[in-house]
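> the following block contains a protein sequence and its predicted model.
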Amino acid sequence: QKNKVAKETKQYKWIKTEPKLRDITWKGSMSQYDEEQTPLDLFRMFITEDIFSNIVDQTNLYAIRKKNLALKLSLEELHRFLGNQMLMSILKFPAIRMYWENGIRYSPVTDTMSRDRVISLRSFFPLFQ
């Protein structure tokens, strides 16, 4: 014989009311903003070198833990890799390897990193898989 447990049901009564409007205007300041700043300067206001350093450290640790691989990713290489990924998102080829193929080689990407290194690094960043 199965024990039946009585389920408690809650009763709700819906009341029609006007929504309460909240003030969502931004009250901060842009004291560091200068009209002559580049997009990279603005990007660096939010993504600091400390964040990049942490990404390098955590990626290297992940490579050792998950694949027993000494990835040896450096801060400079991370910058080049992310720059490559941004370029590759603008000029999209059907396959990653095509950027390095003769005849259609895209030198802004291929001159900064080898094909195998890009493919290897992409395996450690789920965003690029």
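Received it, and whenever you're ready, just let me know what you need. Worth saying up front: this structure is predicted, and the values here are computed from it rather than measured.

> for this structure, what helix or strand is lowest in average pLDDT?
helix 39-46 (a mean of 85; mean pLDDT, DSSP states H and E).

> for this protein, what's the longest helix?
helix 49-67 (DSSP state H).

> what residues of that one count as buried?
F52, I55, V56, T59, N60, A63 (16 or more other C-beta atoms under 10 Å). To be clear about C-beta, it is placed using only N, CA and C from the backbone, and glycine gets the same treatment.

> hmm, who's touching the helix or strand just after that helix?
Sequence-wise, the next helix or strand downstream of helix 49-67 (DSSP states H and E) is helix 75-90. Applying C-beta atoms under 8 Å, 6 or more residues apart in numbering, the external contacts of helix 75-90 come out as 49, 52-53, 55-56, 59, 96, 99, 106, 108-109, 112-113, 118, 121-122, 128.

> my guess is I64 contacts A70, does it?
Yes - with contact defined as C-beta atoms under 8 Å, I64 reaches A70; the gap is 6.7 Å.

> in this protein, where is pLDDT below threshold?
Scanning the chain for pLDDT under 70 picks out 1-8, 30-33, 129.

> repeat that for 90
For the chain, residues meeting the criterion pLDDT under 90 lie at 1-46, 125-129.
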